[in-house]
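Student: I would like to see how this sequence folds:
(2 chains, ligands or ions: 2)
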Amino acid sequence: MKRLLGVVIFFACMIAIWEALVRAGVWSPVLVPSPFSVVRYIGQALADGTLERATLVTIRRLLIGYGLGLLVGLPLGLLTARFKVMSDTLGVIALGFQTLPSVCWVPLALLWFGQTESAMLFVVTMGTLWSVLIATDNGVRTVPPIYVRAAHTMGSRGLHTWCRVIVPASLPFIISGMKQGWAFAWRSLMAAEIYVTILTGFGLGHLLHYGRELQAMDQVAGIMLVIIVIGLLADKILFSPWERFLHRRWGTEKA
Amino acid sequence: MAEEIPKLVVESVTKRFRTRKGEIHALDSVSLTVREGEFICLVGPSGCGKTTLLNLIAGLDLPDGGQILANGKSVTGPGSDRMVMFQEPALFPWLDAFDNVMFGLKLKPHLSNKERREVATYYLELVGLDRFMYASIHELSGGMKQRVALARCLAPNPRVLLMDEPFAALDALTREQLYGDLQRIWQQRKRTIVFVTHNVREAACLGDRVVLFSPNPGRVQEQFTVELPRPRDINSVDLAQHATKITRALKRHLHPDLEEVAE
Ligand SMILES: Nc1ncnc2c1ncn2[C@@H]1O[C@H](COP(=O)(O)OP(=O)(O)O)[C@@H](O)[C@H]1O
Ligand SMILES: [Mg+2]
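Tutor: Ligands and ions are numbered 1, 2, ... in the order given. Below you'll find the model as predicted:
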């Protein structure tokens, strides 16, 4: 309770100082909006539905693209870990692509898919895929062989060993790869939305872009705030449960 | 008496490992017979191939020469009639103690889920862990981990238990306690146990029979029968006499040239 009070006071002070500085006319109101105008913008955008729609569009792209990335990356990571041929070929490609900042997929996606939803999904998927693939591959390779031997003596074989022993044993790696993939996907989607107008849906990135074009600083700051909140929520909803599980089971410090 | 099929037969088994530094002759024509219900201890200095032999019996590895029979059938791979307790606990950290014990039980198709849970509970209580059933593995002490590992081995009801220095990493007090527990469990639920150790006293305390190994290459040197009433106390004088006899033999085989000097 005391902790919460401290946090509330801290943020209240920050906003008060921000408001005071804006009122004092230290900066031009075009460059720094007052906290009230930011809140007003968010309220308006919520009331006329633009913010909800944009948020939905963005989150939809993110979830579908991310889901595809996981769906492809996980099995491919298992394959590269299992088969030498796969690690010599696909594994090398994955390493290369993982070093590529995922924003760099944007131009290619536009050439291949045009200004379509597919281009957006492609960018997100590419951001996710390689991190997840490499993390899974690493995780599987570092599974202590003794786990597999123990499972074999208890009668586990083949697919059962993979699903019940090797994948769970690699979870700490896989989760951190998923987290990295999420960060890459989120960043590259924002970049793609800011650079490219796509007629099938205006995401948060577009609102940010138009905020700049209209020199509406309250809009820019408001959307940034929403993006931050989504990032925080995603971390809480998608990863915190897993991290708590890892922490409880492995006894590792929460990263 | 009718001819009884031995539980385990190791017939002139040879095993070599090819490494970068050359070939290691881990086992050289090792033969051994284990009766049903026997508690047999393999003793020898480290590196004499004890773990290798246990892995071969478990079916985790295959011999280069000779053969191994379990219940009269040739061993070609691991089977849940022969459960292994490894040198390190080898428990799965993503499962709690209870689910670790359940792992092997879930692979037994003829059991219902209710029966599985009952069996797992029974064995965790047997090893004295009823208060830690749902604890994560990292929360358990070394001795408790080995108890879970023991429960996990016992639960699927294997006829043969292969134990590889299971108590080597524990403190003396915990170990003594586990010697008592293991003898009690073995007497209650007649099992065939092959127990590997480098501790002669431990071997004399637990085994009906102690088999002495020597290294480079691994060979069976000598066998001793220990006929002391159970449960045996590791600190008893009778046991110490047996242990001394075996230790002497061990030294004789290790340093045949030193013997005359010492005695
Ligand atoms: N997988 C392996 N590859 C190469 N050498 C091995 C392997 N396993 C065991 N050895 C060698 O075989 C010999 C016997 O090892 P081991 O059976 O572990 O001995 P012990 O359990 O009696 O200490 C040792 O010299 C060891 O280095
Ligand atoms: Mg060993």
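Student: got any ranges where chain B has weak pLDDT?
Tutor: Scanning chain B for pLDDT under 70 picks out B:1-3, B:257-263.
Student: interface residues of it facing chain A?
Tutor: Within chain B, the residues that sit near chain A (CB under 8 Å from any CB of the partner chain) are B:58-60, B:77-80, B:82-84, B:86, B:88, B:90, B:92-96, B:103-104, B:107-108, B:136-139, B:152, B:156. Any C-beta I mention is one placed from the backbone N, CA and C, and that applies to glycine too.
Student: Please repeat the previous calculation with a cut-off of 6 Å.
Tutor: B:58, B:60, B:78, B:80, B:83-84, B:90, B:93-94, B:104, B:107, B:136, B:138 (CB under 6 Å from any CB of the partner chain).
Student: Now residue 84: phi and psi?
Tutor: Using chain A here. phi -60, psi -40 (degrees, to the nearest 10).
Student: The intended chain is chain B.
Tutor: When read as degrees, to the nearest 10, the backbone of B:V84 gives phi -110, psi 140.
Student: what about it, neighbour count?
Tutor: For B:V84, the count of nearby residues is 28 (other CB atoms under 10 Å in any protein chain shown).
Student: what do you get for B:N199?
Tutor: Using other CB under 10 Å, B:N199 has 17 other residues around it.
Student: ok, it to B:Q241 distance?
Tutor: Distance, B:N199 to B:Q241, using CB to CB, to the nearest Å: 16 Å.
Student: check which helix or strand covers B:V10.
Tutor: Element membership for B:V10, per DSSP states H and E: strand B:8-19.
Student: And for the helix or strand following that strand, what's in contact with it?
Tutor: Where DSSP H and E defines the elements, the next helix or strand beyond strand B:8-19 is strand B:22-34. Residues outside strand B:22-34 that contact it (CB atoms under 6 Å, 6 or more residues apart in numbering or on different chains): B:6-17, B:40, B:49, B:52, B:217-220.
Student: One more: stretch B:54-74?
Tutor: Contacts of stretch B:54-74 (CB under 6 Å, 6+ apart): A:149, A:153, B:5, B:8-16, B:75, B:77-78, B:82, B:84, B:162, B:164, B:196.
Student: Please repeat the previous calculation with a cut-off of 8 Å.
Tutor: Outside stretch B:54-74, the residues within contact range by CB atoms under 8 Å, 6 or more residues apart in numbering or on different chains are A:149, A:152-153, B:5-16, B:27, B:29-31, B:42, B:52, B:75-79, B:81-82, B:84, B:159-160, B:162, B:164, B:194, B:196.
Student: Out of the residues of chain B next to chain A, which end up buried?
Tutor: Neighbour-count burial (16 or more other CB atoms under 10 Å in any protein chain shown) is assigned, among these, to B:58, B:60, B:78, B:80, B:83-84, B:90, B:93-94, B:104, B:107, B:136.
Student: Adding distance to A:S34, write these out as CSV.
Tutor: Listed next are these as CSV, based on distance: CB to CB, whole Å:
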residue, distance to A:S34
B:A58, 73
B:L60, 71
B:P78, 71
B:S80, 72
B:M83, 72
B:V84, 71
B:A90, 63
B:P93, 52
B:W94, 51
B:G104, 66
B:L107, 66
B:S136, 51
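Student: Among those residues, name the ones in helices.
Tutor: Those of those mapping onto helices are B:58, B:104, per DSSP state H.
Student: Narrow the buried ones among the residues of chain B next to chain A to those in strands?
Tutor: Using DSSP state E, B:83-84 are the members of these that sit in strands.
Student: and A:G251, how many neighbours does it have?
Tutor: 12.
Student: what's the closest non-adjacent residue to it?
Tutor: Sequence neighbours aside, B:H138 is the residue nearest to A:G251 in space, at 3.3 Å (criterion: CB to CB, 6 or more residues apart in numbering or on different chains).
Student: what sits against that neighbour?
Tutor: Contacts here follow CB under 8 Å, 6+ apart; on that basis B:H138 touches A:249-251, B:93.
Student: Next one: it from B:L124, what distance?
Tutor: Counting by CB to CB, the gap from B:H138 to B:L124 is 17 Å.
Student: correct me, but B:L107 touches A:M154?
Tutor: Yes. Counting by CB atoms under 8 Å, B:L107 does reach A:M154; the two are 5.9 Å apart.
Student: coming back round to it: tell me the secondary structure at the residue nearest to A:G251.
Tutor: Secondary structure assignment for B:H138 (DSSP: H, G, I helix; E, B strand; the rest coil): helix.
Student: Okay, helices next: where are they in the chain?
Tutor: Looking at chain A here, since you left the chain open. Taking DSSP H to define them, one finds helices in chain A at A:2-23, A:35-47, A:50-82, A:84-99, A:105-113, A:117-141, A:145-153, A:158-161, A:167-169, A:171-195, A:204-213, A:217-234, A:240-250.
Student: Oops, wrong one, chain B.
Tutor: Under DSSP H, chain B gives helices at B:50-58, B:97-106, B:113-126, B:142-154, B:172-188, B:200-206, B:237-254, B:259-262.
Student: out of these, nearest to A:V165?
Tutor: Ranking those by proximity to A:V165 (CB to CB) places helix B:97-106 first, at 8.7 Å.
Student: coming back round to it: partner strands of the strand holding B:V10, parallel or antiparallel?
Tutor: Paired strands of strand B:8-19, with direction, are strand B:22-34 (antiparallel), strand B:65-70 (antiparallel) (DSSP bridges).
Student: Enumerate the positions of that strand that are buried.
Tutor: B:8-11, B:13-15.
Student: And for stretch B:188-199?
Tutor: In terms of neighbour count (16+ other CB under 10 Å), stretch B:188-199 has its buried residues at B:191-199.
Student: try stretch B:116-124
Tutor: Neighbour-count burial for stretch B:116-124 flags B:116, B:119-121, B:123-124 (criterion: 16+ other CB under 10 Å).
Student: Number of residues surrounding the nearest residue to B:G128 once chain neighbours are set aside?
Tutor: The shortest distance from B:G128 to any non-neighbouring residue, by CB to CB, 6+ apart, is to B:R147 (6.6 Å). By other CB under 10 Å, the residues close to B:R147 number 25.
Student: Tell me how far B:R147 lies from A:L46.
Tutor: According to CB to CB, B:R147 stands 58 Å off from A:L46.
Student: got the contact list for residue 136?
Tutor: Reading this off chain A. Residues near A:T136 by CB under 8 Å, 6+ apart: A:73-74, A:76-78, A:81, A:170, A:173-174, A:177.
Student: Hmm, no, I was thinking of chain B.
Tutor: Counting by CB under 8 Å, 6+ apart, B:S136 makes contact with A:248-251, B:93, B:96.
Student: Mind putting the residues you listed into TSV with distance to A:P144?
Tutor: Formatted as TSV, the contacts of B:S136 follow (distance: CB to CB, whole Å):
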residue	distance to A:P144
A:R248	20
A:R249	15
A:W250	13
A:G251	16
B:P93	10
B:D96	19
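Student: Sort out which one of the residues you listed lies nearest ligand 1 for me.
Tutor: The closest of the contacts of B:S136 to ligand 1 turns out to be B:P93 (CB to the nearest ligand atom; 23.8 Å).
Student: Test my guess that the closest one contacts B:E139.
Tutor: No. B:P93 lies out of contact with B:E139 (CB under 8 Å); the separation is 10.6 Å.
Student: in chain A, what spans have low per-residue confidence?
Tutor: Low-confidence segments of chain A (pLDDT under 70): A:253-255.
Student: For stretch A:160-171, which outside residues touch it?
Tutor: Outside stretch A:160-171, the residues that reach it (CB under 8 Å, 6+ apart) are A:78, A:136, A:138-140, A:142-144, A:147-148, A:151-152, A:156, A:174, A:242, A:246, B:92-95, B:103, B:107.
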